[in-house]
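J.: Test case, fold it:
(2 chains)
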Number of protein chains: 2
Amino acid sequence: MAARVQQAYSDLLHRVREAGVLASCGSALGWDESTYMPRNGSAWRGEQMGLLARLGHEMATDPKVGDLLAVVESSSLLADPVSDAAVNVREIRRNYDRAVKLPATLVGALAREATLAQGVWRDAKKASDFALFRPNLERLVALLREKADAIGHGGCRYDALLDEYEPAATTAEITHVFAALRAELVPLLASIAASGKSPNREIVQRDYPVDRQKLFGEAAASAIGFDFDAGRLDESAHPFCSGFGPGDCRITTRYAANHFNQAFFGILHEAGHALYEQGLPAEHAATPRGTYCSLGIHESQSRLWENQVGRCRPFWEHFFPRAKQTFPQALRGVSLDEWMFAINDVQPSFIRVEADEVTYNLHIILRFELEQAIISGDLAVADVPGAWDDKFSHLLGLKVPSDAMGCLQDIHWSFGGMGYFATYTLGNLYAAQFMETARQEMPGLEDDFRAGHFARLKGWLNTKIHAPGQVHRAGELCQHVTGKPLAHAPLMRYLRDKLSPLYGV
Amino acid sequence: MAARVQQAYSDLLHRVREAGVLASCGSALGWDESTYMPRNGSAWRGEQMGLLARLGHEMATDPKVGDLLAVVESSSLLADPVSDAAVNVREIRRNYDRAVKLPATLVGALAREATLAQGVWRDAKKASDFALFRPNLERLVALLREKADAIGHGGCRYDALLDEYEPAATTAEITHVFAALRAELVPLLASIAASGKSPNREIVQRDYPVDRQKLFGEAAASAIGFDFDAGRLDESAHPFCSGFGPGDCRITTRYAANHFNQAFFGILHEAGHALYEQGLPAEHAATPRGTYCSLGIHESQSRLWENQVGRCRPFWEHFFPRAKQTFPQALRGVSLDEWMFAINDVQPSFIRVEADEVTYNLHIILRFELEQAIISGDLAVADVPGAWDDKFSHLLGLKVPSDAMGCLQDIHWSFGGMGYFATYTLGNLYAAQFMETARQEMPGLEDDFRAGHFARLKGWLNTKIHAPGQVHRAGELCQHVTGKPLAHAPLMRYLRDKLSPLYGV
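T.: Predicted coordinates:
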């Protein structure tokens, strides 16, 4: 009996691992597509990706997986809920159920509509005309509702969509914490605007030669612990991190010759993601036990290094003298104080990916609220631009000048990714809460940063966040690591501590 | 009935095409492994490649392929033997039969032994000690004999091995043409040695800055027609060309700062392979009709551009002034005559991949003869070094100083690639015979080269060699294009025409 269960578990893991290895082939091809693929290669790459997706879907929905799950679930193998076996079986069950609940016709329709809609979205954004994209978004929303119903939910369809990116998170919980955050962010932003203070923004917009940015960015990534023997840094139009498997995690950035922030903080961000991937337990590769917890937790690791570390003063006490050596002309006569203010500039702007640490979360809250209304049917797709602009004006105090600068700016909806945006602000919240705990548990951490040492923090994250893989769901992990459920207070404390001295608020 | 056959043919092609798409995923991962993969990624890459190989083998040996073949083969679909359908069915049958004849245990044993042997070979080469590699080579030879017997042959096991790389070629035929070639090469080499003449070799060994070599090599590849929108040029330890599919063919080279020839002629060589891949009919991608004919024909395309074109005087009448602009210091005061002699230097040397156009073929004939003796059992593996050195001294007049410079220099045997080497000299022979015909059919071709125009030659090769895919076997293709069976005379005429003026022989 025990042997039969062991064999079933072993077979199950073997199947899941193979599906993971196959998926990682797709990751590698996707990386190539974004970095080095010649332009005429895209049609064939589509054939390759399509085949891998189909084979992967076949593996994921093979009834044999269901049979094996049934054998192991009725056994004592899962007595300890945080054992490797219990974690793996719990998540394999979750993924299997989600996969088999979705009819192949719906999966196909969503994939086709997403491919189509992305092309139309690009054109609509270029023309800054939401009306062009409207029919596609309407079809996508209809399909997403179908998808939510197929997966199942307790009355709130949006829950089923969120669950894909942030397992077990609910609209109600997120709404609760976002509302508290919003209630404090809006007045903070108003007081910053009223302060009359602003940094010399031109400092970061000087001539930063791209080859020197590369060297400087690589040095910083290396300093925080990105292992270049187990990864690479390349260029792509849209920066990303892709972990193929143990020993191979690729990150990308894009360089602007006249803007320091874009590439540098982008590199820290993607390197933060990569430290998570490089820190996952290799012996559990391609099984849930060795897979990241949720997109929100993944984002917490990128935001932590990009912002909590990369925009703090002790970090720059180490790196600013090095930056001056690397960019002597741009930084001639610039003081550390001026630099810190310039890279922590807070100012409402239209584009999410260019937003600062305060306003960024308002961009997300706007999308989170609109998406719920769209999926519930409270907001007709045709009314999205108006609703966007109203909400934007209300939250950020700016009048949106065009659809391109407003509701057409992000790619996510065009690939059917509703439910995704929330994970960005969840990342900011988790990052602040984790970092607050890290500072408490490791006195003198900022002295480490001043000396250019990041190994203690990286080691703490490796142990607390990375090594557990999917042992805990995101909310439980937060409780486990920080002793408290997720809250908005740590992020607000972090923002106020940093911004008060700069803006005198 | 006709509809049933059509359906079967359509199903068959669909299956073969999918297997081809899957194999091309492996090609893309293989390219990445050789170019950009971080060092710690190799274990996971092994998992990915192993899985793709297994899935590919399952597709190739699926009994359903045999069933579909049986349906279409008994139909009138194949009435015209050079129709797309007939060509596809013929080659799908050949590949299916070869695949199913090999027991999975033998395939696995060969793959494992090859992986093991490559590691041992590297160490043995480093230590220059054949004895270290001997046990592995003995096991590989035993497995290759088993493989040849499983595939089947008419008494000559080596035929079955050759057939993998050069379908339908036989040991007897190749022996015949190689013997004729050898009989003329050896005295030609002797007369060159006796001429007392030699170029100023130091010219090509000056300082050629790598960044300039890149620009110059890319310009030359582009000039002969390599489409950079449908391919890339990167660096790797061992140069290669890999066609993933329509619109995406990658080539690599390696640069030596103090040797012009290595990268430049390497680029022309790989670009020649790539022109073949880029010239295959895209509508037949991943089916035999859209696949290269044989390795010998593939090699003919690389050798044709590398040597027949890239080492001819009209080519350099165009490119030498440009080379002087690009490398003003290295080429100061160098005349075109001196340059032509330096890049056409003939001199016996130990390493095949560094050999000139005359001695190269003697290196191949040596391996071709040794491989036959090893496979037939006439030569014990233990006696390989002695036999190698004897033969080398006989053919090239040099005493081999070490196993590393002799029988351990090439990787091929360590991956079980016996039968492969012959295709290199077949490539030289086909290249000379094709080019002789091209010159006859296109008067003034050399004036094109003088003007830097290569489109007429490329177009001719596209039509005559590339577009047919596998319509003809290599020997038939040669007959079809040149009106004659493969012979040694065109290569000898080419070599004598070029070398006589240089060496006064």
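J.: Please tell me how far the residue nearest to residue A:371 when sequence neighbours are not counted sits from chain B.
T.: The shortest distance from residue A:371 to any non-neighbouring residue, by Cβ to Cβ, 6 or more residues apart in numbering or on different chains, is to residue A:418 (4.9 Å). Bear in mind the C-beta positions are built from the backbone N, C-alpha and C, glycine included. For residue A:418, the distance to chain B (Cβ to the nearest Cβ, to the nearest Å) stands at 30 Å.
J.: thought residue A:418 was touching residue A:374?
T.: Yes - applying Cβ atoms under 8 Å as the test, residue A:418 and residue A:374 come out as touching, 7.3 Å apart.
J.: Name the residues contacting each of these two.
T.: residue A:141 (Cβ atoms under 8 Å, 6 or more residues apart in numbering or on different chains).
J.: the more surrounded of the two?
T.: Higher neighbour count among residue A:418 and residue A:374: residue A:418, with 27 against 24, using other Cβ atoms under 10 Å in any protein chain shown.
J.: Please, which helix or strand holds the more buried one?
T.: Assessed by DSSP states H and E, residue A:418 sits outside every helix and strand.
J.: Just read off the phi/psi values of it.
T.: Note on residue A:418: backbone dihedrals following degrees, to the nearest 10 are phi -70, psi 130.
J.: Same check on residue A:241?
T.: According to degrees, to the nearest 10, residue A:241 has phi -120, psi 130.
J.: show me where the stretch 401-505 of chain A has strands.
T.: In the stretch 401-505 of chain A, no segments count as strands under DSSP state E, counting those that start in this stretch.
J.: same check, this time on the stretch 101-250 of chain A
T.: A:231-235, A:241-245, A:248-253.
J.: Need those in TSV (columns: mean pLDDT).
T.: Written out in TSV, the entries for those read as follows (pLDDT from 0 to 100):
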stretch	mean pLDDT
strand A:231-235	98
strand A:241-245	98
strand A:248-253	98
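J.: Quick one: closest of those strands to residue B:89.
T.: strand A:241-245 (38.1 Å; Cβ to Cβ).
J.: In that closest one, which residues are buried?
T.: By 16 or more other Cβ atoms under 10 Å in any protein chain shown, the buried positions in strand A:241-245 come out as A:241-245.
J.: could the strands of the stretch 101-250 of chain A go into JSON lines alongside distance to residue A:35?
T.: Shown next, in JSON lines, are the strands of the stretch 101-250 of chain A (distance: least, Cβ to Cβ, whole Å):
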{"stretch": "strand A:231-235", "distance to residue A:35": "5"}
{"stretch": "strand A:241-245", "distance to residue A:35": "10"}
{"stretch": "strand A:248-253", "distance to residue A:35": "6"}
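J.: Distance to chain B added to the ones you listed, as JSON lines?
T.: Shown next, in JSON lines, are the strands of the stretch 101-250 of chain A (distance: least, Cβ to the nearest Cβ, whole Å):
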{"stretch": "strand A:231-235", "distance to chain B": "6"}
{"stretch": "strand A:241-245", "distance to chain B": "4"}
{"stretch": "strand A:248-253", "distance to chain B": "3"}
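J.: of all these, which lies closest to residue B:64?
T.: strand A:241-245 (31.9 Å).
J.: can you list contacts of the closest one?
T.: A:20-21, A:24, A:27-28, A:30-31, A:249-252, A:270-271, A:273-274, A:277-278, A:280, A:285-286, A:302, B:41, B:44, B:47-48.
J.: so which strand or helix has the residue of the stretch 51-200 of chain A found nearest chain B?
T.: Distances between the stretch 51-200 of chain A and chain B by Cβ to the nearest Cβ are smallest at residue A:51, namely 4.9 Å. Assigning secondary structure by DSSP H and E places residue A:51 in helix A:42-61.
J.: burial of residue A:446, as a residue count?
T.: 16.
J.: The residue most central in space within chain A: what's it in contact with?
T.: For chain A, the residue nearest the mean C-alpha position is residue A:299 (3.9 Å; Cα atoms, centre = their mean). For residue A:299, the contact set (Cβ under 8 Å, 6+ apart) comprises A:273, A:423-424, A:426-428, A:430-431.
J.: How confident was the prediction at the spatially closest residue to it that is not a sequence neighbour?
T.: Distances taken as Cβ to Cβ, 6+ apart put residue A:427 closest to residue A:299, at 2.5 Å, once the chain neighbours are dropped. Residue A:427 carries a pLDDT value of 98.
J.: And residue A:427, how close does it get to residue A:321?
T.: 30 Å (Cβ to Cβ, to the nearest Å).
J.: who has more neighbours, the two?
T.: Taking neighbours as other Cβ under 10 Å, residue A:427 and residue A:321 compare with residue A:427 leading, 26 against 12.
J.: thinking that one is in contact with residue A:293, fair?
T.: No - shown here, residue A:427 and residue A:293 do not form a contact pair, counting by Cβ under 8 Å, at 11.6 Å.
J.: Give me every residue in the stretch 251-400 of chain A lying close to chain B.
T.: When proximity is defined by Cβ under 8 Å from any Cβ of the partner chain, the stretch 251-400 of chain A lies next to chain B at residue A:285.
J.: same thing but at 10 Å, please
T.: A:278, A:282, A:285-286 (Cβ under 10 Å from any Cβ of the partner chain).
J.: Looking at those, which are in helices?
T.: Applying DSSP state H to those, the entries found in helices are residue A:278.
J.: Write the ChimeraX selection for whichever of the residues of the stretch 251-400 of chain A next to chain B are buried.
T.: Filtering those down to the buried ones (16+ other Cβ under 10 Å) takes a single ChimeraX command:
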select /A:278,285,286
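J.: Serialize the residues of the stretch 251-400 of chain A next to chain B to JSON lines and add fields for distance to residue A:472 and pLDDT.
T.: As requested, these are exported to JSON lines (distance: Cβ to Cβ, whole Å; pLDDT from 0 to 100):
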{"residue": "A:278", "distance to residue A:472": "20", "pLDDT": "98"}
{"residue": "A:282", "distance to residue A:472": "20", "pLDDT": "97"}
{"residue": "A:285", "distance to residue A:472": "19", "pLDDT": "98"}
{"residue": "A:286", "distance to residue A:472": "19", "pLDDT": "97"}
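J.: Is whatever helix or strand comes next after the helix holding residue A:51 in proximity to chain B?
T.: On the C-terminal side of helix A:42-61, the closest following helix or strand by DSSP H and E is helix A:63-73. No - contact of helix A:63-73 with chain B (Cβ under 10 Å from any Cβ) is absent, the minimum separation being 15.6 Å.
J.: what does helix A:63-73 contact?
T.: Here helix A:63-73 makes contact (Cβ atoms under 10 Å, 6 or more residues apart in numbering or on different chains) with A:4-16, A:19, A:59, A:62, A:77-78, A:85-86, A:88-90, A:92-93, A:95-97, A:99-100.
J.: near chain B, from those?
T.: Answer for the contacts of helix A:63-73 near chain B (Cβ under 10 Å from any Cβ): residue A:19.
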